[in-house]
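> show me how the following folds:
(one chain, ligands or ions: 1)
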Amino acid sequence: MLKATYICDICGAKRKEANHWFSARLGYARGTPSSVTFQRWEDSDEHDSHLCGQECVHKMLDKWMSEPTSSPAQSS
Ligand SMILES: [Zn+2]
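A predicted model of the protein is given here:
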């Protein structure tokens, strides 16, 4: 059975056996991504995002942090 070919969401690199990849999952609150979780790659995991290494993890984190929240939290 062929394994799926994974492509890095940030730079477009293809995953090879030797790569040290990470996966990321976003947590949503009120429709906006409120949290992001990075994990070491496991083929069996579900992945929201595929990241080919440390550099792309940083890029995704930067992107997530710079995204504006569409509706500012109002607790009153
Ligand atoms: Zn990459």
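> drop to CA atoms for contacts and neighbour counts, all remaining ones
OK.
> per-residue pLDDT, the residue nearest the centre of the chain?
Centroid-nearest residue in the chain: Ala24, 3.2 Å away (criterion: CA atoms, centre = their mean). On pLDDT, Ala24 comes in at 93.
> what's the spacing between it and Gly31?
Relative to Gly31, Ala24 is positioned 18 Å away (CA to CA, to the nearest Å).
> how many residues are close by Cys52?
By other CA atoms under 10 Å, the residues close to Cys52 number 24.
> so who does the closest residue to it other than its chain neighbours touch?
Of all residues not flanking Cys52 in the chain, Trp21 sits nearest, at 4.6 Å (CA to CA, 6 or more residues apart in numbering). By CA atoms under 8 Å, 6 or more residues apart in numbering, the contact set of Trp21 is 15, 40-41, 50-53.
> try it again at 10 Å.
By CA atoms under 10 Å, 6 or more residues apart in numbering, Trp21 lies in contact with 6, 8, 15, 39-42, 50-54, 56-57.
> again with Cys8
By CA under 10 Å, 6+ apart, Cys8 lies in contact with 14-15, 21-23, 49-53, 56.
> just the buried ones from the residues you listed?
Neighbour counting by 16 or more other CA atoms under 10 Å classes 15, 21-23, 49-52, 56 among those as buried.
> what parts of the protein come near the ion?
8, 10-11, 52, 56 (CA under 5 Å from the ion).
> can you redo the residues you listed as TSV with pLDDT and secondary structure?
Below are these laid out as TSV (pLDDT from 0 to 100; DSSP: H, G, I helix; E, B strand; the rest coil):
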residue	pLDDT	secondary structure
Cys8	95	coil
Ile10	96	coil
Cys11	96	coil
Cys52	94	coil
Cys56	96	helix
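> so which of the residues you listed is the closest to Glu67?
Closest approach to Glu67 among the residues of the chain next to the ion (CA to CA): Ile10, at 15.4 Å.
> my guess is that closest one meets Asp62, correct?
No - here Ile10 does not reach Asp62: they are 11.4 Å apart, not a contact under CA atoms under 10 Å.
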